[in-house]
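> structure for the following, please:
(2 chains)
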Amino acid sequence: MPELGRAALVVCFGLALYAVVAGFAGAHLRRRRLAQSAQNALLATFGATVVASVVLLVALARSDFSFSYVAQHTSRELPTPYKLASFWGGQEGSLLLWLLILTGYGAAAILLDRKAGRELTAWVVPVLGIVATFFSMLVVFVASPFHTQLASADGAGLNPSLQSFYFQIHPPLLYLGYVGLTVPFAFAMGALLSGRTDERWIVATRRWTLLAWAFLGIGQLLGAKWAYEEVGWGGYYAWDPVENAALMPWLAATAFLHSVMVQERKGMLKVWNMLLVILAFSLSLFGTFLTRSGVLNSIHSFTEGSIGPWFLGFICFVVAGSLLLVFTRLPLLRSKTKLESLASREATFLYNNLLLVALCLTILWGVTFPILSEAVRGESVTVGRPYYDFFLRAFGLPLLLLMGIGPLIAWRRASLRSLGRTFLWPFVTALVAGAGLIAAGAGTSIPGLIAYTFSAFVAATIALEFIRGTQARRALSGEAVPRAFGQLIARNRRRYGGYIVHAAILMLAIGIAGSSAYDTSHSARLAPGDSMKVRNYTLVYRGLNSKRSQNAIETRAAIDVYRGGDRIGTMHPGKNDYPVEQQVSNEVSIRSDWLTGEDLFLITEQVNQNGTIDFKAIINPLVNLIWAAGLVFLLGSAIALWPDAREERRLAVRYGRLPLEA
Amino acid sequence: MLTAALVLGALLAVAAVVFVARPLLREGPEETLETPEPRRLELAEERDRALAALKELEFDHRTGKVSDDDYRSMVGELRRAAAEALRALDSGTPRTDVRDRP
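Numbering: from 1, shown residues only, chains lettered A, B, ... in the order given. The predicted model follows:
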């Protein structure tokens, strides 16, 4: 039923366009019914997009090759989960997913945040409508997933590197992050358009920002795990433009989540916060543009492609329009208070923001420079790993240190005496850790040593925050330690949820430093019975096996692994041959030691005619801390996101929905 | 199949139009969007900011992050700011305005 899908998208486009026109008219003329009608149109876009998405999913599940999209991205033998996940395997489906998530977020934000004030919501609706109009226009007129053809006998199949569990969850999570940043952007623009730049837009959107940021973070981590297990080079992040595309808006959103606290506490940084919201949303659009326009392959494929110029035009419109709006509202965004001291919590947030934005813009320059170079000079210049690694160290290490300093400094100002007292234990911990690491031989990598020493400092501050907070609560309430600890977190969810997220970032930093600064690799050509040594492991190649799976021929080597003379298991690296796709993929074998956090990573680089195999073995120390950090990150984000009834009541009083006595 | 798809598409369009038009078809006089009083909002935000700062200072003092001297130098200032915000809110906006809201 491609016609139904097409009709649903046309209806969605019409509704979104109506939401823009009626929304602006209703808000400007202050006509409540017109504004509600626009709001309903925005809600209905979600229904129409759901219908279109169901049509595509059914076609994918039934292998209906009369849909060009289904024929181009699946085959009959493709397992059903991958058939369904092919929804986001191509350009047209990805754009439909963007639209589906956008309209879903829009509907949810409008329904849940009505209490932010009808006047503000009335201005938010047309802004969301503009974004929905753009994406529905793309899937209706430029890149429709409902193009039809004469049904072929079979499809072209799915790229083997996409045939992974992570393909089923990584893109939707990433899109939930990218698209989620539309909500804070729309509320910020709504506040500017209405001329009401009080904190309602921040109150209404802080959970949406946190949610989008958490999805983007987890999505990236799963993407790194996917690259680690699937791409087969032993690493997890290659500073690829597609990876950077998700990192940039995440960094901008991280900066916003910190600086917004300064606005809430001190009424400062109002212009800066607006700029960060615009930056985060523009970068999420830019990320989609990078991954979907073909501009990364070549500037020519971008100009010849269908959606690239549209995307570039829309990004320019969003950036220019929103900056103009900020400029015209500057008098409303002036702060009444000033920074009292350079040694204060708000000052550390400011330093953290400057470093995060500097890192973000450095990455942006690294991503755009090859594109601009090709466009201007006709030749593409590669910006490689050393560039990114240098700036990651230059900005990332001070950021890591600030993560420890910030929580220990009080708001407004701190005297030297206070600072000396609060920093004593973390400083001693860092000193002892640094000396211990040098004694243990970790001084072979200076950045690694600095990262670990800073990490010890941050770990000590986080632990101190929980210990001192629990003690203070006990002193006040006389509660037992577990209850005092639980209540401490429950009554300050954003703060302690944030500290848990800091702990996750710390684990991430330790994992990255360990696996990149202290890794070992060894390659060898082995015949059956031969062995190779890598650090304290001995690997003995036993032989090769092949079997047929649903859509591939799977070849696996059997390698016995010995450590300290004991056989600890057999690993099976190999290759998959996909006949329909006519491609071969590398299937690595990984043995994780959760006690030490270390991975033994085996790659079958080449199967030779004479029966020998070229193997590569890599030992990645502490790499599993990176994946464990994901779980801690989720826990911290969930705590920070969890609704707080006391906070809701306080806001209800502030905005006059509850009397002061409540 | 084509006819069924077209009928379903048309039904979707009609349902969307009805849903969108519903607020416009409601009987009664035209309603305007209510706007909160900006001064009251500003004062309420100032009050909350001052009270939160006071609460934070007390907590930081109890956890040892703020020394006794620093605490004494800041607490008076913050209490005055909180009292001023509360007074301004009381005098700027009649309390009944707040209480009478639904």
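
> can you pull out the strands in the chain?
All of this is about chain A. All strands of chain A, identified by DSSP state E, fall at A:520-526, A:531-534, A:537-548, A:553-563, A:566-571, A:574-578, A:583-587, A:589-593, A:598-607, A:613-620.

> these two touch, right, A:L402 and A:A347?
No - counting by C-beta atoms under 8 Å, A:L402 does not reach A:A347; the two are 10.3 Å apart. Just so you know, the C-beta spots here come from the backbone N, C-alpha and C atoms, and that holds for glycine as well.

> related to what we said a few turns ago, can I get the strands of chain A in TSV with distance to chain B?
Formatted as TSV, the strands of chain A follow (distance: least, C-beta to the nearest C-beta, whole Å):
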stretch	distance to chain B
strand A:520-526	43
strand A:531-534	48
strand A:537-548	36
strand A:553-563	38
strand A:566-571	47
strand A:574-578	33
strand A:583-587	35
strand A:589-593	38
strand A:598-607	37
strand A:613-620	38
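
> kindly reformat these as a markdown table containing mean neighbour count, mean pLDDT and distance to A:L15.
Below are the strands of chain A laid out as a markdown table (neighbours: other C-beta atoms under 10 Å in any protein chain shown; pLDDT from 0 to 100; distance: least, C-beta to C-beta, whole Å):
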| stretch | mean neighbour count | mean pLDDT | distance to A:L15 |
| --- | --- | --- | --- |
| strand A:520-526 | 15 | 93 | 55 |
| strand A:531-534 | 16 | 93 | 60 |
| strand A:537-548 | 15 | 93 | 49 |
| strand A:553-563 | 18 | 94 | 48 |
| strand A:566-571 | 13 | 94 | 54 |
| strand A:574-578 | 19 | 92 | 41 |
| strand A:583-587 | 17 | 89 | 41 |
| strand A:589-593 | 17 | 94 | 48 |
| strand A:598-607 | 20 | 92 | 50 |
| strand A:613-620 | 22 | 94 | 50 |
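
> for the residue nearest the centre of chain A, give me its contacts.
Chain A has A:L216 as the residue nearest its centroid, 2.2 Å off, counting by C-alpha atoms, centre = their mean. A:L216 sits next to A:174, A:176-178, A:180-181, A:246, A:249-250, A:253 when contact means C-beta atoms under 8 Å, 6 or more residues apart in numbering or on different chains.

> ok, it to A:S637 distance?
11 Å (C-beta to C-beta, to the nearest Å).

> for A:V203, same thing?
Distance from A:V203 to A:S637, by C-beta to C-beta: 19 Å.

> and if you look at A:T520?
From A:T520 to A:S637 the distance is 34 Å (C-beta to C-beta).

> same check, this time on A:A253
12 Å.

> quick check, A:T197 in contact with A:A191.
Yes - contact between A:T197 and A:A191 holds when scored by C-beta under 8 Å: they sit 5.3 Å apart.

> and the two? Which one has more around it.
A:A191 (28 against 20; other C-beta atoms under 10 Å in any protein chain shown).

> that one contacts A:E199, doesn't it?
No - if you go by C-beta under 8 Å, A:A191 and A:E199 don't touch, sitting 9.2 Å apart.

> can you pull the pLDDT of A:P241?
At A:P241, the model reports a pLDDT of 88.

> tell me which residue of the stretch 501-650 of chain A lies closest to chain B.
The stretch 501-650 of chain A approaches chain B most closely through A:R650 (6.8 Å), counting by C-beta to the nearest C-beta.

> now residue 47: closest residue in space, sequence neighbours ignored.
This is for chain A. The shortest distance from A:G47 to any non-neighbouring residue, by C-beta to C-beta, 6 or more residues apart in numbering or on different chains, is to B:A16 (7.4 Å).

> look at chain B instead
Closest residue to B:R47 apart from its sequence neighbours, by C-beta to C-beta, 6+ apart: B:A85 at 3.9 Å.

> any residues touching whichever helix or strand that neighbour is part of, and which ones?
Element membership for B:A85 (DSSP states H and E) is helix B:68-92. Helix B:68-92 has contacts (C-beta under 8 Å, 6+ apart) with A:410, A:412-415, A:417-418, B:39-40, B:43-44, B:46-47, B:49-51, B:53-54, B:57, B:61, B:66.

> which ones are touching the nearest residue to A:D577 once chain neighbours are set aside?
Once flanking residues are discounted, A:D577 sits nearest to A:I553: 4.4 Å by C-beta to C-beta, 6+ apart. The neighbours of A:I553, taking C-beta under 8 Å, 6+ apart as the test, are A:546-547, A:576-577, A:579.

> need the max-distance pair from those.
Longest distance between any two of those is 14.1 Å, between A:K547 and A:P579; criterion C-beta to C-beta.

> on that earlier part again, from what I see, the residue of the stretch 501-650 of chain A closest to chain B and B:R47 are in contact.
No - using C-beta under 8 Å, A:R650 is not in contact with B:R47; the gap is 10.5 Å.

> more crowded one of these two?
B:R47 (23 against 16).

> shared neighbours, A:A253 and A:S637?
A:W213.

> measure A:A440 to chain B for me?
To chain B, A:A440 is 33 Å away according to C-beta to the nearest C-beta, to the nearest Å.

> check that residue and give its pLDDT.
For A:A440, pLDDT reads 88.

> rewinding a little: the residue nearest to A:D577 and A:V580, how far apart?
11 Å.

> and for A:A358?
If you go by C-beta to C-beta, the gap between A:A358 and A:V580 works out to 47 Å.

> just A:M507 next, same as before
With C-beta to C-beta as the criterion, A:M507 and A:V580 are 41 Å apart.

> which residues does the residue in chain B that chain A sits nearest to contact?
With C-beta to the nearest C-beta, the shortest gap between chain B and chain A falls at B:G9, namely 2.8 Å. Contact analysis of B:G9 by C-beta under 8 Å, 6+ apart lists A:3-4, A:6-8, A:11.

> in a helix, it, correct?
Yes - according to DSSP: H, G, I helix; E, B strand; the rest coil, B:G9 belongs to a helix.

> what's the local residue count around residue 77?
You didn't pick a chain, so chain A it is. Neighbours of A:E77 (other C-beta under 10 Å): 17.

> actually it's chain B I care about, not the one you picked
14.

> then A:T328?
11.

> and it, what pLDDT?
Value for A:T328, per-residue pLDDT: 95.

> quick check: closest non-adjacent residue to A:S322.
A:I278 (4.6 Å).

> distance-wise, check A:G308 relative to B:G28.
With C-beta to C-beta as the criterion, A:G308 and B:G28 are 50 Å apart.

> over to A:D644?
38 Å.

> the two - which one has more neighbours?
Taking other C-beta under 10 Å, A:D644 and B:G28 do not tie; A:D644 has more neighbours (15 against 6).

> the more buried one contacts A:R493, doesn't it?
Yes - look at A:D644 against A:R493 with C-beta under 8 Å: they come within range, at 5.5 Å.
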